[in-house]
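Trainee: Following is a predicted model, sequence given first.
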Amino acid sequence: MRKLVDDVRLIFKCCSLYYQEGIGQKEICELLGISRPTVSRMLNAGKELGIVKIKIHNPDNLVYGQLERDLEKKFKLQEVIIVPSSELIENKNLLNPEIGRAALKFMTRILRDRDYVGVSMGATLQSVARADFFIENKVACTFVPVMGGVGESRPDIHSNYLAQEFADRFGGKCVQLFAPALFSKRSLLEEFSREQMILKVTNLFSKLDVLIMGIGVSNSEHSTVLHTGYIDKNTLENFCDRGAVGDIILRYFDINGNHKPFDEFNERVGGIRLSALKRIPYRVGVAGGKHKIKAVAGAINGGYLTVLITDIDCAEGLLNFNAL
């Protein structure tokens, strides 16, 4: 059994939902992905730890409980998890390790045997898959790459490669999607997508219980998509001029989450479509840093996320960001 009753951040959130917001235990189970007995134990633990007295106290100044709730309410997200600043990281090209650990910790809480878990691409997800976090209880999940990547540079951040890494960490299994990430013509993608070997994987997209993904930016300095050759600099600059703020699964969108201005490119991407993505119960976005604020806001506004795992820099920027 996972020792969720030792998770002070989760106990605080559970107590806050129940005592301050009047949300029932059944709804809390659904929001947090835990069982009803666990909710009951956490409410009792909240009293024993002194979290619940006359009012609910945040037990640790390093835990951003109230800010998490403020963002959840503002953006109508199922859950927000915040870790300390990424500005403290000396190598700015690396993901804040606290974000990686928080993402794996979240996954150990919600994943169940026989779940299907979608995995996107990118350096952020690679950092999550390799985060220094001990997974005590293995889960018999199937990890599914949700986009192609055959032939492009940096195979270590391809969806296939990362699905295997997650499967290894959690003791599950994975399937492989042998397809390009980007096709030269939409007609070629449509023809290719009808192949039986591809359908065996893409038919699993409708079964996904969880999708974990990074959130890319359209800024050329920080764009993994540009640096790995999926898109050229002129195209990216053109997208920026037209209002692009970021991408998920190689599909670009503006601050309102609107992807249509960029669909000539988006619809040539070999992977899960945004309409199918929105039907997945847990859509987990992982991103940190001030430079990700607009991209994360656009992803939220587009309805692409239900859960956000981020740092305090991005979180405070989102709370104060009004151009939504």
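Mentor: Thanks, I have it.

Trainee: Now stretch 287-299: buried residues?
Mentor: Neighbour counts over stretch 287-299 (16 or more other C-beta atoms under 10 Å) mark 287-289, 291-299 as buried. In this view, the C-beta of every residue, glycine as well, is placed from N, C-alpha and C.

Trainee: wait, what's in contact with residue 184?
Mentor: residue 268 (C-beta atoms under 8 Å, 6 or more residues apart in numbering).

Trainee: roughly how far apart are residue 190 and residue 121?
Mentor: 22 Å (C-beta to C-beta, to the nearest Å).

Trainee: Domain boundaries for the chain, per the record?
Mentor: Domain ranges of the chain: 1-62, 64-320, per automatic domain parsing.

Trainee: hey, where'd the helices end up in the stretch 51-200 of the chain?
Mentor: Assigned helices in the stretch 51-200 of the chain, in chain order: 65-75, 97-110, 123-129, 159-170, 186-192, 196-202 (criterion: DSSP state H, counting those that start in this stretch).

Trainee: could I get the ones you listed as TSV with mean neighbour count?
Mentor: Below are the helices of the stretch 51-200 of the chain laid out as TSV (neighbours: other C-beta atoms under 10 Å):
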stretch	mean neighbour count
helix 65-75	17
helix 97-110	21
helix 123-129	23
helix 159-170	22
helix 186-192	13
helix 196-202	13
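
Trainee: In the beta-sheet assignment, what are the partners of the residue sitting nearest the centre point of the chain?
Mentor: The centroid of the chain falls nearest to residue 285 when counting by C-alpha atoms, centre = their mean (2.2 Å). Beta-bridge partners of residue 285, counted by DSSP bridges, are residue 213, residue 308.

Trainee: give me the low-pLDDT residue ranges for the stretch 151-300 of the chain?
Mentor: 151-153, 220-223, 226-229 (pLDDT under 70).

Trainee: The closest residue to residue 64 other than its chain neighbours - how many residues pack around it?
Mentor: Nearest residue to residue 64, sequence neighbours excluded (C-beta to C-beta, 6 or more residues apart in numbering): residue 82, at 4.0 Å. For residue 82, the neighbour count with other C-beta atoms under 10 Å is 24.

Trainee: wait, residue 82 sits on residue 312?
Mentor: Yes. Here residue 82 reaches residue 312: they are 5.8 Å apart, a contact under C-beta atoms under 8 Å.

Trainee: who touches both of those two?
Mentor: 64, 67.

Trainee: How much space separates residue 199 from residue 205?
Mentor: Counting by C-beta to C-beta, the gap from residue 199 to residue 205 is 10 Å.

Trainee: repeat for residue 139
Mentor: In terms of C-beta to C-beta, residue 139 sits 20 Å off from residue 205.

Trainee: can I have stretch 188-206 written out in CSV, keeping just the CAs?
Mentor: Extracted in CSV, the C-alpha atoms of stretch 188-206 (Å, rounded to 0.1, in the frame of the first residue of the first chain):
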residue,chain,number,x,y,z
LEU,A,188,0.6,11.0,-46.6
LEU,A,189,-0.1,11.0,-42.9
GLU,A,190,-3.7,9.9,-43.5
GLU,A,191,-2.6,7.1,-45.8
PHE,A,192,0.1,6.0,-43.4
SER,A,193,-2.3,6.1,-40.4
ARG,A,194,-4.4,3.4,-42.1
GLU,A,195,-1.6,0.8,-41.9
GLN,A,196,-2.5,-2.1,-39.5
MET,A,197,0.8,-1.8,-37.6
ILE,A,198,0.1,1.8,-36.8
LEU,A,199,-3.6,1.2,-36.0
LYS,A,200,-2.6,-1.3,-33.3
VAL,A,201,-1.0,1.6,-31.4
THR,A,202,-3.3,4.5,-32.3
ASN,A,203,-6.4,2.5,-31.4
LEU,A,204,-5.1,2.6,-27.8
PHE,A,205,-5.4,6.4,-27.7
SER,A,206,-9.1,6.1,-26.9
